[in-house]
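**Q** Model the structure of this input:
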Amino acid sequence: MTTFIIALLILVVLALYAIAMFNKLVTLRNRFKNAFAQIDVQLKRRYDLIPNLVNTAKAYLKHERETLEAVIMARNQAQQMERNVARDPSDPQAMKQLAGAESALSGVLGRLFALSESYPDLKANQNMMQLTEELSSTENKIAFARQAFNDSVMVYNTGREKFPANIFAALFGFNEAELFEIEDDGERKRPEVSF
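**A** Next up is the predicted model:
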C-alpha cells in the first residue's frame, strides 16, 4: 500500500511538472508571436507610406519609371511575405522569405533615395520631406521591434532546448523559431534617407 501511494505521488509530481513545462513553453511561444505582431504593425505602416512616397516622386522622376515600379513590386512582395509570417510567426521558411523580401525592398528604396538626390526640386518638396521623415522614424521602430522579436525567439528557443523541456517540446510539437535577421552583409545597410 505504501509503495502504491509513493508511486502515485511520483506520477502526480511528474504530471504537474509536465503541465508546468507545457505552460511555460506556450507562454514563451506566445511572447515571440506577440513580438512579431509589433513588427507587423510597423511593417504595415511602412508599406502604407511607400505608395505615397512613390506618388510624390513620380512627378519629378518621369524618366525613372523602372525604379518606381521596382519599389512598388518590392513593396508588394514584402507585404505578401509579411502576411504569410503573420499567419504563423513560427514558420522558419516564411520568416526567411520575409527577411529576403525586406532586404530587397530596402535595396530598391536605397536606389530611389539615391536617385532623388539628383532632383533638387524633389528634395525640397514638403511632402517628400515629411514622408521620408516618417519612413525614417518607421525604420527605427521596425529595428527596435525586430530586436524585441529576436530576443523573444532566443528566450523561447533556449527554453525549449533545455533538458528536460526539450523532451516535452519534441513531444508536444514546439518547433524551433527562426530569428528575423538579414544574412547578407551588403543588405545590412539602412537606406540613406536624406532629403
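
**Q** and the worst-scoring helix or strand of the chain on mean pLDDT, what other elements does it pack with?
**A** Ranked by mean pLDDT, DSSP states H and E, the helix or strand of the chain with the weakest confidence is helix 120-124, at a mean of 73. Using 3 or more CB pairs under 8 Å, 6 or more residues apart in numbering; DSSP states H and E as the contact test, no helix or strand touches helix 120-124. Using the backbone N, CA and C atoms, a C-beta is placed for each residue, glycine as well.

**Q** all numbers from here: first residue = 353
**A** Shifting the count to begin at 353 puts that one at helix 472-476.

**Q** Next, count neighbours for Asn479.
**A** Close neighbours of Asn479, defined as other CB atoms under 10 Å, add up to 13.

**Q** all helices for this protein, in order.
**A** Secondary structure of the chain by DSSP state H: the helices cover 354-410, 417-439, 444-468, 472-476, 478-513, 517-524.

**Q** in this protein, what spans have low per-residue confidence?
**A** Scanning the chain for pLDDT under 70 picks out the ranges 414-415, 475, 534-547.

**Q** ok, Gln390 to Ser504 distance?
**A** As judged by CB to CB, to the nearest Å, Gln390 and Ser504 stand 10 Å apart.

**Q** Kindly report the same for Phe526.
**A** Distance from Phe526 to Ser504, by CB to CB: 14 Å.

**Q** ditto for Pro441
**A** Pro441 is 10 Å from Ser504, by CB to CB.

**Q** now swap in Gln449 and tell me
**A** 20 Å.

**Q** who has more neighbours, those two?
**A** Each of Gln449 and Ser504 has its neighbours counted (other CB under 10 Å); Ser504 has more, 22 against 18.
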